[in-house]
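Student: What follows is a predicted protein model with its sequence.
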Amino acid sequence: MRYEQTKKLSNRQFKRLVGVQRRTFDEMVKVLEHTTSFKQTRGYPNKLGLEDQALVCLQYWREYRTYFHIASDWQVSESTVCRIVHWVESTLISSGKFRLGGKKSLLISSQKPKTAVMDVTESQIERPKHGQKRFYSGKQKRHTLKSQLIIDLTTQEIRCIVNGSGRKHDYKLFVESKVRFHSETESLEDSGYQGISKLHTNSHLPQKKPKGGKLTKEQKQSNRALASRRVVIEHVNRRLKVFRILSQRYRNRRKRFGLRCHLIAGIYNYEVQKEA
């Protein structure tokens, strides 16, 4: 659907179509316009305008169809769609408009979250030709890429994302990422982060059932209370995986997965800030 045709859609229909709000789309186009204003216009002009190029990129993330099918809809070549998607992604991420705070922001006193929630989500990939064991997730029983998300419980913004291979344990991914919390920050994790108290004393994990024993009524209530606070990060994961490029089996080269994951998270943060 061309940009001119989307003007007839309501805001809700537009978001269902491309995955972002109309004002977020307008901001993305402004970033692209600001970049192209400094470029020298050489060669044959692009067949698609900036609005249409942004729609092509969003359509690819949202529907995750092949370049061939998207190119057929827009009546351009597959290489043109690939070039547009890569250019839009690189331009948006380099602008800094949709960039995450990063792990350093977790340690700055003025920026530290009062309560942080950390969890790992996995995205299936195609079976690698080499080094299959590195990406095989015993939990998912398939080859995956892991994304460790840290969100601010108060604002529900994503503060940091760390990517890793599917075989790597959640706690090991945290240790190797060198992400650390401020001593005053309360962190909430699931049972996959056993041992985090050695690095951050103000952390909260669900209590495990002792071998051959049972949890007390108080321990069960404590675990339910912790789960009810942590459920926010599951809602964040759902909003990110509206884009099927993150929820379906990832077919592209793995080296660009982190960029796309960070960029989509940055767009999510932008919308959360506007909603506040």
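Tutor: Everything's here; your move.

Student: what sits up against the longest helix anywhere in the chain?
Tutor: What stands out as the longest helix in the chain, according to DSSP state H, is helix 217-240. The contact list for helix 217-240, computed with CB atoms under 8 Å, 6 or more residues apart in numbering, reads 115, 117-119, 121, 149, 151, 153, 156, 158, 188-190, 204-207, 215, 246, 261, 264-265, 268. Backbone N, C-alpha and C define where each C-beta goes, glycine included.

Student: Of the residues you listed, select the buried ones using a ChimeraX command.
Tutor: Here is the ChimeraX command that selects the buried residues among these (16 or more other CB atoms under 10 Å):
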select :115,117,118,119,121,149,151,153,156,158,188,189,190,204,205,206,246,261,264,265,268
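
Student: and the contacts of helix 217-240, which of them are in helices?
Tutor: Per DSSP H, the contacts of helix 217-240 map to helices at Leu246, Cys261, Ile264, Ala265, Tyr268.

Student: all helices of the protein, in order?
Tutor: Under DSSP H, the chain gives helices at 3-6, 11-18, 22-36, 50-63, 67-74, 78-95, 132-135, 170-177, 217-240, 244-247, 257-275.

Student: buried sites along the fifth one?
Tutor: The neighbour-count criterion (16+ other CB under 10 Å) identifies Tyr67, Ile70, Ala71, Trp74 as the buried residues of helix 67-74.

Student: which secondary structure elements does it contact?
Tutor: On a contact count with 3 or more CB pairs under 8 Å, 6 or more residues apart in numbering; DSSP states H and E, helix 67-74 meets helix 50-63, helix 78-95.

Student: Among those helices, show me which one is buried the most.
Tutor: Most buried of these, by mean neighbour count (mean count of other CB atoms under 10 Å): helix 50-63, with a mean of 21.

Student: What is the burial count for the closest residue to Gly258 other than its chain neighbours?
Tutor: Leaving aside its sequence neighbours, Gly258 sits nearest to Asn163 (CB to CB, 6 or more residues apart in numbering; 4.5 Å). A total of 17 residues lie near Asn163 under the criterion other CB atoms under 10 Å.

Student: Show me the beta-bridge partners of Asn163.
Tutor: For Asn163, the beta-bridge partners under DSSP bridges are Ser147.

Student: The chain should start at 497 in everything you say after this.
Tutor: That works, and once the first residue is 497, the last one we named lands at Asn659.

Student: In this structure it contacts Leu645, no?
Tutor: No - if you go by CB atoms under 8 Å, Asn659 and Leu645 don't touch, sitting 10.4 Å apart.

Student: circling back to that earlier point, what's near enough to touch the residue nearest to Gly754?
Tutor: Leu641, Lys642, Ser643, Gln644, Phe753, Gly754, Cys757.

Student: same thing with Ser633?
Tutor: Glu618, His639, Thr640, Lys642, Gly662, Arg663.

Student: leaving aside the residues next to it on the chain, what's closest to it?
Tutor: Closest residue to Ser633 apart from its sequence neighbours, by CB to CB, 6+ apart: Gly662 at 3.6 Å.
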